[in-house]
Each structure stands twice: as structure tokens, then as C-alpha cells.
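Undergrad: coords please:
(2 chains)
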Amino acid sequence: MNSSIVSFLSEMTNFEFTSLHAFIIFGIACFLMVNVSALIGGLGTYAERKISADLQMRQGPNRVGPFGILQFLADGVKLLLKEIIIPTQADKVLFLISPLLCLAGVFATLAVLPISSGLILTDLNIGILYVLGVSSLVGVGIFLGGYSSNSKWSMLGGMRGAAQIISYEVPVTLCIISIVLMAGGLSMTTLVNEQGGLPHQWYILHNPFAFIGFFVFFIGILAESNRAPFDLPEAESELVSGYHTEYSGMAFSFFALAEYIEVFVLCGISATLYLGGYKVPFELGSGELINSTLGGPEFIGKGIGQLLQLGAFFTKTFLLYYVVIWIRWTLPRLRVDQLVSLCWKYLTPISIINLIGIAAWEWIFKGQSIFNLIASLLHSSGGGGH
Amino acid sequence: MFIDIMFILSALLTLGGAFGVVASKNIMHACIYLLGSLFGVAGLYATLGADFLAAMQLVVYAGGIIILMLFAIMLTGGHKEAVNKFGLDKIPSMGSVKTFLIGSFSSLIIGSVVLKIIASIINSHDGSGKLPEFSSSVEKIGTLLVTDHVLSFEISSVLLLGALVGAAVISRPRKQ
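TA: Residues are numbered from 1 along each chain as shown, chains lettered A, B, ... in the order given. As a prediction, the model looks like this:
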């Protein structure tokens, strides 16, 4: 059976769920997941403002709630109350659909995000391909948002957004394929389980190619989520606000929310692919060690294990999230020609070489990581060693 | 039961999208209907157990092809040039009856010659090499692609290489 939230709960409580129970539990889990991710997206805007303020020696939001942490709620209420103004010349249906497409594409990727070994909505055996597939809806949404507004700035922003997203999909996909080569499976739990809890067991330190691959992948996801220094689709200095210039109210906030949640999801996926995902050192996540040392009922150990896994996943993801925001407020925006040449002249060849290199590595060293090789080398030459 | 409902919904989405593509007057709307229809096809694949195919459908068609189509529509003029009082006759059709006839005959002849040549290879497979049981459709597709269907795999890769070279030739800056 596929591991998912339903099968995990069934295992925890020793209770056989009928299909109706499974359906209801799944529905509740999806509801919670979407809402929590929306909360994370909202807090993302707060984090962005606070971190940028920190980097620029300002205060940032500090009026609403302690340290201004409720600022995103106030913004949300304000945006809910605002009118959605549709330009007279706009393509009304597409104008209203495109923010939904963006948000739907991002929310659909949450289905396979492995937050812990128990908390994954469904473990498709094509998980990572599914992410690539549904996240492409975001590109369509951005393009249609630009087109349907019937404004020059929006149009240019939408065109740039779509071109950027489909061209950067090439290096990102090649990086993902090279990781899939190492793990030998497309499902998210396979990708995580092939890695260990300690840093030298992660794929980023598996071999030199994967180490380079992580940075290529990270640059690629920055471009795919239209974050600075790749925020050409909404370049404020040239295009007012790019593809969402004409949007207001909730339609605008859907675009913003989609961007922040997409950054979270992509950071989670890069943590999963390269940084060991939810893995906790010394197999603490399965809860067996905790049970054998502490005693007590089984579900307590498992629960603690799950909490540790959640902690590991969110720590890695939020660290990457911080780096994304840090990069945005540090680097200037690229020009279009620099963007294109970076993708096609540098990242794509590098990722193709990485793919070949990783395939060769897997073939020559039978999938052993560089630390294993060094350890076995030291072991075989041992005796005289220090 | 649940799978049946999902199948019917995907089928309705496919058919509805396809109808929308034909019936819509706005070509951008037609493209979006096509997106819906392709999603429906992906749903059909998924409900029929071909999960890898469903994901590839989403990646290739929904992600790549639709955006490229939208680009192509954007870059190739508007309504005014396409519609005149003779309808679509303003754009010359690709070839005439003569070229279509020659093309289809030559493809028939080439196809039968090629099939005649490779028939021995195809028929030589006696099913003696049993494939192991696979845990997922991805493994099965991967193994079959490089064993039984390696010819079609190679032919499609040559075709893609040809497309790449063609794109490079077309987009190359011309010398004056």
C-alpha cells in the first residue's frame, strides 16, 4: 500500500479504515494542508518584509500584534474588502481564471510534499514528475494574467514570465533526473529514504556533480518562482508591476499568495532532493530507539519521531526560504539577455554534464558516496594510518 | 466506484474541452479549452492505471505545448489578418491535392519497405526472455523501452534530433 496520511493513521491506531473513513480523513488532511500552507504563505510576506527591513537597517512592520506579526492578517482583511477592478477592455473570463490557475497549480503540488514519513497526503510513485506537471499551471496562469489584462506592461510581464519558466524548466528537470538516477525511483519517499539523516549521507554531498547540481537547481527554482534576481516578469522599474499590474483585491493577493507558497514548496522539494528531506539522524524518526530507551506505549515514540521529522523538514525548508529572501534583497535584477544566456549557456550545459557525470559515478562506484569511498580507502590502507 | 466517478469526470472534461476548442470563437479561449481537454486526458490515463503516462501528459502538454501555443498565437498576428471576406482562404493551405496524394503514396511505400526490412527483427521475438514482475509502471516502461521497443525508442530520438537541428537552422541568423 502506498504510504500516505491515511495509511499512517491506520497504522498508528491499529484501525482498519473503510473507504468512506479514508475519504473523510483525506479530505480533512487536504483542508488542513491547504490552510496551513496559506498561513505559511501569509507569514512568508511578513518574513520577507521583516528580513528585508533587517538587511536595510529599517524596522519593518511593528504595529499590528507583537513584533508586527499579525500584519499579514491585517493585509489579508484589507485585500478581502477591496474591490476587484476589471479593466473594460480586459478578457473578463481569463482575467478572473488566471489567478485561480496560479493558486491551483501551487496547491496541487502540496499533495506529494513529504513533510514527514507519516504526513504526506499521497505518495504517488511518480511524485516528482507530478510536481513538475502541475506546477506548470503557474506558468499558464502568469501568461494568461498578462494577456487578459490588455495592458502593455502586463503583456510584457506575462510573456517574460512564461518564457522564463519554460526555459528554466530544462536545467531544473535535468537536475531532478540526476537525483532520480541516484535514488532509483520517482516517488518522494524513495527519494528521501535513499538518503540518511546526517549531512554526509545527503545527496548534496554524495558526489561532486550533485554538489554542483544543488546550486544549479537552486538558481533554477529561483527563476521558476519568479523571485529576484529573476523577477523580470514584475520588474517594478520597467513594467510597473508586471503581469499583475491590473489586478486588485483578492485576485492580486492570489498571485502573491501563489508566489509565496510556491517558494515554500520549491524550498521543501530542494530540501527533499538534496538535503535529506525529513530524515532525522540516527533513525530517530521511526521512533524505535525512543521506544526502547524510554519504554511506554508505541505511539508515543512514533509521535515523537514524527515531530522530529517535521522539525527537520521545516528547519531545512525555512533556512532555504531565508536564503531565497536574502538573495532577493542582496542581488540586483538581471537583464533579459543575461537571464537567457545564464540559462542556455551556463546552467543547461552544466546540468547535462552533471547528469552524465552522475550516471558515470553510479556506474563506476556502484552508487557509493564519496565519504563511503574515502572511508573504505582509509580502511583498506589502515594499520599504518594515524 | 470512486475510480469510476473520476473516470467519468475526466471523460466529460476531455469531451467538453474538445467541444470548447472547436466551438470557441476566440483562439486564446480555444487554447485554454485545449488545456482543460489535455488535463482530462491525463485524468483518463491516471484512472486507467497509466500513472507515468498521466504525469508525462501533464509535463509535456500542459506545461510545454500549451505555453508554446499561446506564444505562437501571440507572435503570429491578430484577427484582422486571418479573417477576410473569403474566410481563411487568405492564408494559402499547405499544398494542393497533388502534393497530398504524392505525400501519402510515398509515405505508404517507404513505410511498407521499412516494415518489410524490420519485420524479421520484430517477429524474431519469441517471448522466451520473460520479463520480471515490476512494482511500478515506470520500471516497466523503462525496461520495455530499451528491450522490446528499442527500435521505436531510437527512431523517436532521431526524429527529435532532426527537430532540434531544424530549429537551429531556422533560427540561425542569415548572412547577408
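Undergrad: Verify the stated contact: A:Ala53 with A:Gly60.
TA: Yes: with contact defined as CB atoms under 8 Å, A:Ala53 reaches A:Gly60; the gap is 3.0 Å. C-beta here means a position set from N, CA and C on the backbone, and glycine is covered the same way.
Undergrad: can you list residues touching both of those two?
TA: Common contact partners of A:Ala53 and A:Gly60 (CB atoms under 8 Å, 6 or more residues apart in numbering or on different chains): none.
Undergrad: give me the low-pLDDT residue ranges for the chain?
TA: All of this refers to chain A. Applying pLDDT under 70 to chain A picks out residues A:1-3, A:11-17, A:285, A:287, A:295-296, A:382-386.
Undergrad: Actually, chain B is the one I wanted.
TA: Along chain B, the model assigns pLDDT under 70 to residues B:77-95, B:121-135, B:176.
Undergrad: So which bits of it are right by chain A?
TA: Proximity of chain B to chain A, by CB under 8 Å from any CB of the partner chain, involves residues B:1-2, B:26, B:28-29, B:32, B:35, B:42, B:51-52, B:54-59, B:62-64, B:66-68, B:70-71, B:74, B:135-138.
Undergrad: give me that answer again for 7 Å
TA: Within chain B, the positions lying close to chain A (CB under 7 Å from any CB of the partner chain) are B:28, B:32, B:35, B:51-52, B:55, B:58-59, B:62-64, B:66-67, B:70-71, B:136, B:138.
Undergrad: From those, list the buried ones, please.
TA: Using 16 or more other CB atoms under 10 Å in any protein chain shown as the burial test, these include B:28, B:32, B:35, B:51-52, B:55, B:58-59, B:62-63, B:66-67, B:70, B:136, B:138 as buried.
Undergrad: Not including adjacent chain positions, what is the nearest residue to the spatially most central residue of chain B?
TA: The centre of chain B sits closest to B:Tyr61, judged by CA atoms, centre = their mean, with a distance of 8.3 Å. Spatially, and ignoring its direct neighbours in sequence, B:Tyr61 is nearest to B:Leu38 (4.5 Å; CB to CB, 6 or more residues apart in numbering or on different chains).
Undergrad: For that neighbour, grab the count of nearby residues.
TA: Residue neighbour count, defined by other CB atoms under 10 Å in any protein chain shown, stands at 21 for B:Leu38.
Undergrad: Quick check: buried residues in the one helix or strand it maps to?
TA: Applying DSSP states H and E as the criterion places B:Leu38 in helix B:27-47. Judged by neighbour count using 16+ other CB under 10 Å, the buried positions of helix B:27-47 are B:28-47.
Undergrad: Could you look up the next helix or strand downstream of it?
TA: Next helix or strand after helix B:27-47 toward the C-terminus (DSSP H and E): helix B:51-57.
Undergrad: Report the distance from that next one to the chain centre.
TA: From the chain centre to the centre of helix B:51-57 is a distance of 13 Å (CA atoms, centre = their mean, to the nearest Å).
Undergrad: Of all the residues in the strand or helix carrying A:Ile179, which ones are buried?
TA: Remark: A:Ile179 resides in helix A:152-183, with elements defined by DSSP H and E. Neighbour-count burial for helix A:152-183, counted by 16+ other CB under 10 Å, picks out A:153-180, A:182-183.
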